[in-house]
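J.: A structural model of the following input is requested.
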Amino acid sequence: MPKTPTRRTFMGAVTAIPAVAATRVPIVVPTVLAPDIVMSQEPLKIVTTYKFEPEEVARIKAVNPKVPIEVVICNSPAEFRERVKDAEVVFGDLDAETVKLATKCKWLQSREAGIEKLAPEVRASDLVITNYQRTFAHGISETAIGLLLSLTRGISRHYVPQFAKRQMKSVGTPKSADHVEISGRTMGIVGMGGIGNMLARRVHYGFDMKVIATDIKPLPKPEYVAELHDPAYFPRMAEQVDVLVAAAPHTPITEKMFNEAIFKSMKKTAYFLALSRGPLYDDMALVKALKEGWIAGAGLDVFPNEPPPSSHPIFDCPNVVMTAHTSGWSPDRQVRFVGDFAENVRRYTTGQPLMKVVDKKAGY
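T.: You can find the predicted model right below:
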């Protein structure tokens with residue numbers, strides 16, 4: 001029977017907590033930038049083409065009872081071009097034409113985590129741009145683990161096809177490599193933003209995986225990451241890991257960084273996961289790697305050109321699991337999607353720094 005804790009043992013445990021916490025490396029959180037923008041008109045006019053639900057609009061308008069907030073949902077491009085002229089905040093996208101019309105706009109809230117699709121005229125403007133970095137990481141990291149386990153446990157290759165034929169027979173033997181484990185293996189992650197961080201934490205604590213990572217920013221190393229290097233270490237990392245993950249933003253520097261040379265350098269037993277943006281990898285080099293056995297398999301939520309045509313040879317690779325760039329989707333994601341914007345509206349109307357401000361020069 002467990003002993004009842006005494007006051008002495010309880011107080012000893014409580015007083016030990018700060019000492020233990022002090023030895024831990026803090027979790028990396030995004031830097032909050034403080035742009036020099038101030039709300040200039042009332043009511044605050046937010047213009048968008050995004051179809052917020054009525055309760056979502058009510059949530060946004062309720063963030064500051066002292067400031068009237070108007071959310072204008074446009075039903076056509078023509079209406080948007082007209083309404084954007086009076087917008088102080090735009091939720092969604094601006095292009096080369098509409099950014100010239102939005103003369104009163106100060107803040108653009110992108111609907112994406114990346115801004116590579118924004119027109120150069122928008123990126124060169126004086127607008128403060130915020131995005132959805134880290135907002136979608138929950139579902140993406142879960143999908144990443146699902147894709148990986150589908151490959152390593154033979155689910156997609158051995159058993160889903162059987163199920164479609166209304167049969168079920170074991171494949172291999174208890175000791176054959178038809179089913180492999182990821183516990184204790186090494187994962188290499190390129191990009192320690194929201195996706196990379198959450199995936200690293202989950203595979204380390206959930207599967208006892210060693211995590212090695214690279215990032216262009218001089219970030220403090222989280223306790224669940226064994227090694228954190230600058231991008232120059234990437235080729236060395238690719239050679240030694242059991243799972244290689246593309247989680248970086250799409251920029252001119254990262255485009256096709258996962259190429260034939262990288263795939264050829266990987267272990268034959270290793271897996272590749274593409275999670276952030278499709279243009280980070282060379283799809284034809286990946287097909288070659290999969291067909292010729294350079295790597296064991298690939299889990300893809302993103303593709304260089306989406307969706308890939310039915311004639312693409314990726315569909316001839318049985319050692320691939322794919323989803324349709326939907327890894328960030330879920331009802332919970334929508335709650336965060338609206339909540340993040342509502343919080344920034346609250347900050348904007350109270351003169352506080354905005355969250356998730358984009359470095360337009362860096363591109364993320």
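
J.: okay, CA-based contacts and neighbour counts for the rest of this
T.: Will do.

J.: now the longest helix along the chain: how far from the chain's centre is it?
T.: The single longest helix within the chain, with elements called by DSSP state H, is helix 331-349. Distance, stretch centre to chain centre, for helix 331-349: 17 Å (Cα atoms, centre = their mean, to the nearest Å).

J.: report the buried residues of stretch 284-301.
T.: Under the neighbour-count criterion of 16 or more other Cα atoms under 10 Å, stretch 284-301 has 285-291, 294-301 buried.

J.: my guess is Trp107 meets Val89, correct?
T.: Yes: contact status for Trp107 versus Val89: in contact at 5.0 Å, counting by Cα atoms under 8 Å.

J.: picking that back up, what lies in contact with the longest helix of the chain?
T.: Defining contact as Cα atoms under 8 Å, 6 or more residues apart in numbering, one finds that helix 331-349 is touched by 38-39, 56, 59-60, 63-64, 67, 109, 132, 135-136, 138-139, 353-355.

J.: report the buried members of those residues.
T.: Among those, those buried by neighbour count (16+ other Cα under 10 Å) are 56, 60, 63-64, 67, 109, 132, 135-136, 138-139, 353-355.

J.: ok, which stretches of the protein are helices?
T.: Counting by DSSP H, the helices of the chain are 7-22, 54-61, 77-83, 98-101, 120-123, 137-152, 160-164, 194-207, 234-240, 260-265, 283-291, 331-349.

J.: which ones are touching the residue positioned nearest the centre of the chain?
T.: What sits nearest the mean C-alpha location of the chain, by Cα atoms, centre = their mean, is Ile195, with 3.9 Å. Counting by Cα under 8 Å, 6+ apart, Ile195 touches 134, 136-138, 140-141, 247, 275-276.

J.: can you tell me which of the residues you listed is nearest Ala119?
T.: Nearest to Ala119 among the contacts of Ile195 is Ser276, at 20.0 Å by Cα to Cα.

J.: tell me who's in contact with the spatially closest residue to that closest one that is not a sequence neighbour.
T.: Excluding the flanking residues, the one nearest Ser276 by Cα to Cα, 6 or more residues apart in numbering is Ala247, at 4.8 Å. Listed by Cα under 8 Å, 6+ apart, the contact set of Ala247 reads 189-193, 195-196, 274-277.

J.: one more time with 6 Å, if that's ok
T.: With contact set as Cα atoms under 6 Å, 6 or more residues apart in numbering, Ala247 has these partners: 190-191, 196, 275-276.

J.: re the thing from before, now do the longest helix of the chain and helix 54-61, the angle between them.
T.: Following axes from the mean of the first three to the mean of the last three Cα atoms, to 10 degrees, one obtains 30 degrees for the angle between helix 331-349 and helix 54-61.
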